[in-house]
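**Student:** dropping the sequence and predicted coords here.
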There are 2 protein chains.
Amino acid sequence: MTPFAPLQNDTFLRACMRQATPYTPLWLMRQAGRYLPEYCATRARAGSFMGLATNTDFATEVTLQPLERYPLDAAILFSDILTVPDAMGLGLSFALGEGPRFATAVRDEAAVAKLEVPDMEKLRYVFDAVTSIRKALNGRVPLIGFSGSPWTLACYMVEGKGSDDYRLVKTMLYSRPDLMHRILAINADAVASYLNAQIDAGAQAVMIFDSWGGVLADGAFQEFSLEYTRRVLAQLKRTGTDGQIVPRLVFTKGGGLWLKEMAALDCEVLGLDWTVNLGSARSLVGGVENGPGKALQGNIDPNVLFAPPAQIAKEVGRVLDSFGVPYQGSGTGPTHIFNLGHGISQYTPPENVAALVEAVHTHSKGQRA
Amino acid sequence: MTPFAPLQNDTFLRACMRQATPYTPLWLMRQAGRYLPEYCATRARAGSFMGLATNTDFATEVTLQPLERYPLDAAILFSDILTVPDAMGLGLSFALGEGPRFATAVRDEAAVAKLEVPDMEKLRYVFDAVTSIRKALNGRVPLIGFSGSPWTLACYMVEGKGSDDYRLVKTMLYSRPDLMHRILAINADAVASYLNAQIDAGAQAVMIFDSWGGVLADGAFQEFSLEYTRRVLAQLKRTGTDGQIVPRLVFTKGGGLWLKEMAALDCEVLGLDWTVNLGSARSLVGGVENGPGKALQGNIDPNVLFAPPAQIAKEVGRVLDSFGVPYQGSGTGPTHIFNLGHGISQYTPPENVAALVEAVHTHSKGQRA
C-alpha cells in the first residue's frame, strides 16, 4: 500500500456521495487533450498516442496539465478506453488525425474462442501511471480511473475501428447473440479486474464509459450493454488504498431514455449527455434527502465552448439551473457534478475553458447563497 | 388538378389517421436505394445522384423499383432532403461514395443576409416527379412527399457537408442565435412552400425528416428545431388534389427524449428510431380510443436486416409486440406503421428485406386474430 498525501479538495468525492459542497465541482471529459498546446508538445515528444499513454512520466505530465491552467475539482487518468482489448492481443494503434484501430478484429467464432481475460501485468503501465499521477497530485484533487464498458469495447473489437453504422458488431449481435454474449462476459470480467487494479494503484473513483451504448435498440441496450455494466459493478472493490469509499460513475452516451433502468445500477453517479434535461433526470433518479438516489454528472454541449465568454456563462447558468439547487444539508441528497456531455473538442480555445470553469464556480456558489 | 387513379391500398393512410387496418402497414426509409441492384443500374445510366433525382423518368423508375419486389404499403418520392438549399443557390453535389456537399456554405452574417425562400420553379423537377410517380403508381399505394426539417437543412447549409460534431453550426447557434433564427425562419417558410407544392402535385402524405434534431442539447432542440417544425406544419395544406386529408409525419432521429413535447405538434404521425420503446411511446403520445393522439411509425434497427431470416422474424415480432395490438374499432385509436428506425443500409441483402416484409404482414395479422 502506497502512502499518498491527504486530499485537500474533496468536493468531487463528496458530490459523488450525494453530500453537500460549497459549489458544484467540475471536471471535463478529455480535459488532458489536444486543445492544450502543452499537451500537443508532450505528445510530440512521446512520438505517438500509445507512446504517451504507456510512459508513466508522460502520462503523469499530461494528466496534470489542465490542473495547472484551471481550478478543476478532479483529475482523470490519462489513458485510452481501449487498453483492455489491446492487452487481449488485438494490437491497438492510433494513426495521426484518425481514431483508434485494432490490427486484429474479432468477427467470427474462432476469433471469439481465442479471447480471454488478459493478464493484468500487460496493463502494468496503466497502474504505474495511476500511482505516479496520484503521487504527483499530492492531494490537490482526487484521481479518477476509468475503462470503456464491455459493450463499447466490443464495438471496437468487432468493427476494428470507429464506425458510423455499427454494422459489423450489430450483425454479430443479431445473428449470433451467443458469440456477442461471450465477448461481453469476458470484457466485463476483464474491465472489473482492470478497474480493481486501478483502485489498488491509487484511483479514488472509477468511471465506466459506455460511449456507444446509445447506438443500441431498446431491448438490446438492456441485454448487451446494461447487463454487462452491472456485471462489472458487482465485482468492483468498494474501498481504495486509504480505506475511503471509491465512487463508481457510469456514463452512457445517448442513454437518456434508459435512465430509470440505470437508476437500479449499483453505482453512485450517472453521467448524462446534453440531450437530457437535468431537472427531469434529478426527478427520475436523483433521489431525495437521506434516501437512495444517484448523483448526476454532466452535461453541457462541448460546442458551447466555441461561443464567446458571455454566452458560455449564460449556457453554464442554464445547465446549473436546470439541475436546480443541490442538496445543502448534513446528510445525503441530490447532487450535481458539472461536466461536458461528451469529451472536449480538440478545436476548443483554451481561454474559453477558463471562462466555463469560472462560470461554474461563480454561478453554483450563487445558487447556494 | 390532375386526375389520378383511385387508391387500392389505403392501409398506410388509414394507419396515419389512427384508423384500424387488417395488418400493420409498412414501408422502409430509403426503400429506393443502393441495396437494390436495379437502383444501381438506373443510377449508373443517370450518371449521378442529382442526375437521377432531377430526371422525372429516372426518379419515377427508381421510386417504383422496391414496390416491384416487395408488397410495401407506401411509396416515397425519390429525391434528397437537401433540394431546398440547393434551390437557394448553394450548389448541391454528391461525390460517389460520399455524402452530400454544398459548393457554398452559410457561415457568416453576409451569407445569411443573402438567403431567401427560393422560387419554387427551381424545384419544378421535384413536383414533376411527384406527378409522374403518382400516375405510374396508378393507385397501388399512396405516395409520400418529404423534406428535410429547417434545422436539418441548416446543419448542412452551415457545415457545407455531413459532420460528426456539428461544430460549425453549433458555434453559430451558441454565438449568434440571431443568425441561426434567421436561417431557420427562411428554411421553415421554404419547406412549407415546397411541401405544399408536392401536395398540389399529387403527394398523399408528407414527411419532415429532422435527421439531426437529436444532436441538439435539451432546450436548444425546442428552440432551434421543434419550433421551426411547428412553423412548417402551421403552413401546410390539409387536403390533396383529390380532396383527401394529407397526413403529416415528423421524424426526429434521436428525439425520443422529447416525445411529450412532440405530441403537441399539429401532425398525425411521429416517427421513432430504434432507441425508443414503442409501448412507452404509445402510452405517452399514442392516445386513446376516439381521443387525440399520434400514430407511431418505426422503429426496427436497420442492422437487423443483416441477420438470417429467422432472427429477422423474431426481431420484427419484438417490435410489433412492443407496440401491442393496434386499435381495431371503427373510430380512431392507437395505430402503428412499421418502418426502420433509420434509412436502410446500402449493404442490405435484398432477400432479407423480403423476409422482413413477410414477417411484418404475418405477425401483425396474427396480433389482430
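**Tutor:** Received, thanks.
**Student:** can we go C-alpha only for contacts and neighbour counts from here?
**Tutor:** OK.
**Student:** from residue A:93, how far off is residue A:112?
**Tutor:** Using CA to CA, to the nearest Å, we find residue A:112 at a distance of 21 Å from residue A:93.
**Student:** scratch that, residue A:232 is what I was asking about
**Tutor:** Residue A:232 is 26 Å from residue A:93, by CA to CA.
**Student:** which one's more surrounded, the two?
**Tutor:** Using other CA atoms under 10 Å in any protein chain shown, the more surrounded residue of residue A:232 and residue A:93 is residue A:232, with 23 against 18.
**Student:** list the contacts for that one?
**Tutor:** A:188-189, A:191-192 (CA atoms under 8 Å, 6 or more residues apart in numbering or on different chains).
**Student:** for chain B, what is the nearest residue in the stretch 51-200 of chain A?
**Tutor:** Of all residues in the stretch 51-200 of chain A, residue A:175 sits closest to chain B, at 4.6 Å by CA to the nearest CA.
**Student:** report the contact partners of the closest residue to that residue other than its chain neighbours.
**Tutor:** Spatially, and ignoring its direct neighbours in sequence, residue A:175 is nearest to residue B:307 (4.6 Å; CA to CA, 6 or more residues apart in numbering or on different chains). By CA under 8 Å, 6+ apart, the contact list for residue B:307 reads A:171-172, A:174-175.
**Student:** and residue B:307, backbone torsions?
**Tutor:** When read as degrees, to the nearest 10, the backbone of residue B:307 gives phi -90, psi 160.
**Student:** pLDDT at it, what is it?
**Tutor:** Looking at residue B:307, its pLDDT is 98.
**Student:** just residue A:113 next, same as before
**Tutor:** Predicted confidence (pLDDT) for residue A:113: 97.
**Student:** ok, and which of the contacts of residue A:232 reach chain B?
**Tutor:** Counting by CA under 8 Å from any CA of the partner chain, the subset of the contacts of residue A:232 that neighbours chain B is empty.
**Student:** closest to residue B:283 among those residues?
**Tutor:** When the contacts of residue A:232 are compared for distance to residue B:283 (CA to CA), residue A:188 wins out at 34.6 Å.
**Student:** burial of the closest one, as a residue count?
**Tutor:** Other residues close to residue A:188 by other CA under 10 Å number 26.
**Student:** point out the other helices and strands that the helix or strand hosting it packs with.
**Tutor:** Using DSSP states H and E, residue A:188 sits within helix A:177-201. Identification of packing neighbours for helix A:177-201 by 3 or more CA pairs under 8 Å, 6 or more residues apart in numbering or on different chains; DSSP states H and E yields helix A:83-85, helix A:109-114, helix A:124-137, strand A:143-148, helix A:150-159, helix A:167-175, strand A:205-210, helix A:227-235.
**Student:** now chain A, which segments are flagged as low pLDDT?
**Tutor:** A:1-2 (pLDDT under 70).
**Student:** close to chain B: what parts of it are there?
**Tutor:** Counting by CA under 8 Å from any CA, the residues of chain A that sit close to chain B are A:167, A:170-172, A:174-175, A:214-218, A:256-257, A:274-277, A:300-301, A:303-304, A:306-308, A:311.
**Student:** apply 7 Å and report the result again.
**Tutor:** A:167, A:170-171, A:174-175, A:216-218, A:256-257, A:274-277, A:301, A:303-304, A:306-308, A:311 (CA under 7 Å from any CA of the partner chain).
**Student:** in helices, which of those appear?
**Tutor:** Under the assignment DSSP state H, the residues of chain A next to chain B contribute A:167, A:170-171, A:174-175, A:311 to helices.
**Student:** which of those residues sit farthest apart?
**Tutor:** Farthest pair in those, by CA to CA: A:175 and A:311, 48.0 Å.
**Student:** which element is the spatially closest residue to residue A:328 that is not a sequence neighbour on?
**Tutor:** In space, and not counting its chain neighbours, residue A:328 is closest to residue A:20: 4.9 Å by CA to CA, 6+ apart. Using DSSP H and E, residue A:20 sits within no helix or strand.
**Student:** residues in contact with residue A:20?
**Tutor:** Residue A:20 sits next to A:14, A:327-330 when contact means CA atoms under 7 Å, 6 or more residues apart in numbering or on different chains.
**Student:** filter the residues you listed down to the buried ones.
**Tutor:** Among these, those classed as buried by 16 or more other CA atoms under 10 Å in any protein chain shown are A:14, A:327-328.
**Student:** thinking again about what came up before, reformat the contacts of residue B:307 as a markdown table; add neighbour count.
**Tutor:** Conversion of the contacts of residue B:307 to a markdown table gives the following (neighbours: other CA atoms under 10 Å in any protein chain shown):
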| residue | neighbour count |
| --- | --- |
| A:171 | 20 |
| A:172 | 20 |
| A:174 | 21 |
| A:175 | 20 |
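**Student:** columns distance to residue B:251 on top of the residues you listed, output as CSV?
**Tutor:** Listed next are the contacts of residue B:307 as CSV, based on distance: CA to CA, whole Å:
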residue, distance to residue B:251
A:171, 25
A:172, 28
A:174, 25
A:175, 28
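**Student:** strand A:143-148 and the helix holding residue A:188, what's the angle between them?
**Tutor:** 170 degrees (axes from the mean of the first three to the mean of the last three CA atoms, to 10 degrees).
**Student:** what's the angle from helix A:177-201 to helix A:150-159?
**Tutor:** Going by the same axes, to 10 degrees, helix A:177-201 makes 120 degrees with helix A:150-159.
**Student:** list of residues touching helix A:177-201?
**Tutor:** Contacts of helix A:177-201 (CA under 7 Å, 6+ apart): A:109, A:112, A:116-118, A:120, A:127, A:130-131, A:145-147, A:150-151, A:154, A:172-173, A:206, A:228, A:231-232, A:235-237, A:240-241.
**Student:** only the buried subset of the residues you listed, as a PyMOL command please.
**Tutor:** This is the PyMOL syntax for the buried subset of the contacts of helix A:177-201, where burial follows 16+ other CA under 10 Å:
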select buried, chain A and resi 112+116+117+118+120+127+130+131+145+146+147+150+151+154+172+173+206+228+231+232+236+237+240+241
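**Student:** circling back: going by distance to chain B, which of the buried ones among the contacts of residue A:20 wins?
**Tutor:** So of those, ranked by how close each gets to chain B (CA to the nearest CA), first place is residue A:327, at 23.1 Å.
**Student:** quick one: contacts for that closest one?
**Tutor:** Going by CA under 7 Å, 6+ apart, the list of residues near residue A:327 reads A:20, A:333-335.
**Student:** host element of it?
**Tutor:** Counting by DSSP H and E, residue A:327 is found in no helix or strand.
**Student:** so how many other residues sit close to residue A:38?
**Tutor:** Neighbour count for residue A:38, taken as other CA under 10 Å: 16.
**Student:** what residues does stretch A:89-105 touch?
**Tutor:** Counting by CA under 7 Å, 6+ apart, residues outside stretch A:89-105 touching it are A:49, A:86, A:157-162.
**Student:** quick one: residue A:301 and residue A:275 touch, right?
**Tutor:** No. With contact defined as CA atoms under 7 Å, residue A:301 does not reach residue A:275; the gap is 8.5 Å.
**Student:** now for these two: what residues contact both?
**Tutor:** Jointly contacting residue A:301 and residue A:275 under the rule CA under 7 Å, 6+ apart are residue B:217.
**Student:** more crowded one of those two?
**Tutor:** residue A:275 (28 against 24).
**Student:** next up, the contacts around that one.
**Tutor:** B:216-218.
**Student:** now, which of the residues you listed lie within strands?
**Tutor:** Among the contacts of residue A:275, DSSP state E puts none in strands.
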